[in-house]
Every structure is written in structure tokens, then in C-alpha cells.
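Asker: curious how this folds, go ahead:
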Amino acid sequence: MYSTLSSLWNGSSFGKTVSAKDHQILSIREHRNILEYIQSCNPYLVRKEMEHHIERSMNNIIDSFSLKENE
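Answerer: Down below sits the predicted model:
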């Protein structure tokens, strides 16, 4: 599981909208939830948490690009 998840990761997405520490706290919490839901065989919650995590990361990246354009 660790190897599979590690191969999917493409780096941190905290950008300028959230501190590195806050990003790490949120990301660890989200990853723990995802693994917990996988272990409990709950595909609905796995999908919901994955969507939340990916969307949050995407928004962090987009917000970071938007801030760079306005500098």
C-alpha cells in the first residue's frame, strides 16, 4: 500500500495560500482517513475523502498560480 501511494505523490501542493506546517497537518489527517476507510472496506468514504484531498490540493495549486500572476 505504501509503495502504491508513494508512487502517486507528485510533491507538496501548499503553495502560498497555506503554510507548510498547516499543509502537512491537513495532508496527514486526510491520508490517515483514506487509509482507515480502505482498511474498513468502505469504498464510499474512501472515494469521498480522496475527492476532498485531491480537490483541496488542486485548489492550493490554482490559488498559488493566481497569487503569482497578481504580484
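Asker: dump stretch 26-43 to CSV, restricted to CA.
Answerer: Coordinates of the C-alpha atoms in stretch 26-43 are reproduced here as CSV (Å, rounded to 0.1, in the frame of the first residue of the first chain):
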residue,chain,number,x,y,z
LEU,A,26,-4.2,18.6,6.8
SER,A,27,-2.5,16.2,4.4
ILE,A,28,-1.5,13.7,7.1
ARG,A,29,-5.1,13.8,8.5
GLU,A,30,-6.5,13.2,5.1
HIS,A,31,-4.2,10.4,4.3
ARG,A,32,-4.9,8.7,7.6
ASN,A,33,-8.6,8.9,6.9
ILE,A,34,-8.1,7.5,3.5
LEU,A,35,-6.1,4.5,4.8
GLU,A,36,-8.6,4.0,7.7
TYR,A,37,-11.5,3.8,5.2
ILE,A,38,-9.6,1.5,2.9
GLN,A,39,-8.9,-0.8,5.9
SER,A,40,-12.6,-0.7,6.9
CYS,A,41,-13.6,-1.6,3.4
ASN,A,42,-15.8,1.4,2.9
PRO,A,43,-15.5,2.5,-0.7
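Asker: in it, which residues are buried?
Answerer: Residues of stretch 26-43 classed as buried: 26-27, 30, 33-34, 37-38 (neighbour count, 16 or more other Cβ atoms under 10 Å). Quick note: C-beta positions are derived from backbone N, CA and C, even for glycine.
Asker: same thing with stretch 50-65?
Answerer: With burial defined by 16+ other Cβ under 10 Å, the residues of stretch 50-65 counted as buried are 53, 56-57, 60.
Asker: so where is this structure shaky, pLDDT-wise?
Answerer: Filtered on pLDDT under 70, the chain yields the residue ranges 1-18, 66-71.
Asker: have a look at it and report its longest helix.
Answerer: Longest helix in the chain by number of residues (criterion: DSSP state H): helix 43-69.
Asker: and that one, what does it pack against?
Answerer: Using 3 or more Cβ pairs under 8 Å, 6 or more residues apart in numbering; DSSP states H and E as the contact criterion, the elements in contact with helix 43-69 are helix 20-39.
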